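Visitor: no sequence on this one, just coordinates:
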C-alpha cells in the first residue's frame, strides 16, 4: 500500500474505533528501536467525545483488562490491514519507550509536574498504541508548548501535595485516596490532571477517569 492510500484508509479505521493520531514522526532508515523497514511512527489515543461509550460496548468490556485487550485487538487488526506493525505501551518487559516517542512528536511535552501534556488533550493524554508504518506519511505538525505563559495550576492542585514540580510521592497519593477526602479524586479523576486548562477543554468523561483511578488505586 502506498503512502497516498495509507492515510485515508487509516483515518477511516481510526474513526470507526474512536481513536486519533496524537502525534508522529519520521524514522530514519535502519534506526534502532523500531521494527525493520519503519519509516513513520504514529501514536494513537482515544478520541473524545465518543471513545468511552464505544469501548464499553465492545466484547472485551466486563472481562479482565478490557482496555488493553481491546487495544491489542483493534489496533493490531488495523496494523495488519495496513501492512504496519502495532506497538503498545503495555505488555512488557521489554517496554517500548512511549514517553520518549511522545516527546519526539513535537505535540507532547513534559509538564511542570513532569507528567506528559498534549497539545489537544492536556494532562489527560493517554496512548493506546502506536503504528510503525513502512510508508513515509504526513504527520501532525509540531505546535507551541501550551505550558508557555500558563499560570501552571497543576503545580498546586494536588490536595495531598503528592504531585508537584518536585516529583511524585506515590505513597502519599495512595494514602490520601484511602481517606474519605480522596473520594473526589477517585470519582472525578486526578485533580492535577483536571487543573490543566487544556485538559478542561478535552471532552473526557469523569466516568473514564474514575475507572482508571480505580485501576490505579487497587
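Guide: Structure's in. What do you need? Predicted model, so just to flag it, every value in this text is computed and none were measured. Numbers count the residues shown, from 1 in each chain.
Visitor: going forward, measure contacts and count neighbours with C-alpha atoms only.
Guide: OK.
Visitor: What lies in contact with the helix or strand containing residue 186?
Guide: Using DSSP states H and E, residue 186 maps to helix 183-188. Helix 183-188 is touched from outside by 177, 191, 206, 207, 209, 210, 213, 214, with contacts defined as Cα atoms under 8 Å, 6 or more residues apart in numbering.
Visitor: are any of the residues you listed buried, and which?
Guide: Buried residues within the contacts of helix 183-188, counting neighbours by 16 or more other Cα atoms under 10 Å: 177, 191, 209, 210, 213.
Visitor: Check the residues you listed and tell me the two furthest apart.
Guide: Maximum pairwise distance in those, criterion Cα to Cα, is 14.0 Å, between 177 and 209.
Visitor: Quote the end-to-end distance of stretch 26-39.
Guide: End-to-end distance of stretch 26-39 (Cα to Cα, to the nearest Å): 6 Å.
Visitor: For that stretch, which residues meet the burial criterion?
Guide: So for stretch 26-39, counting by 16+ other Cα under 10 Å, buried means 26, 27, 34, 35, 37, 38, 39.
Visitor: looking at it, the fifth one is touching residue 30, isn't it?
Guide: Spelled out, that is residue 37. Yes - Residue 37 is within contact range of residue 30, at 7.1 Å (criterion: Cα atoms under 8 Å).
Visitor: what helices or strands is the helix or strand harbouring residue 20 leaning on?
Guide: According to DSSP H and E, residue 20 maps onto strand 19-26. The helices and strands touching strand 19-26, judged by 3 or more Cα pairs under 8 Å, 6 or more residues apart in numbering; DSSP states H and E, are strand 40-46, helix 98-104.
Visitor: what sits against the spatially closest residue to residue 157 that is not a sequence neighbour?
Guide: Spatial nearest neighbour of residue 157, excluding adjacent residues (Cα to Cα, 6 or more residues apart in numbering): residue 192 at 5.0 Å. By Cα under 8 Å, 6+ apart, residue 192 lies in contact with 153, 154, 155, 156, 157, 158, 163.
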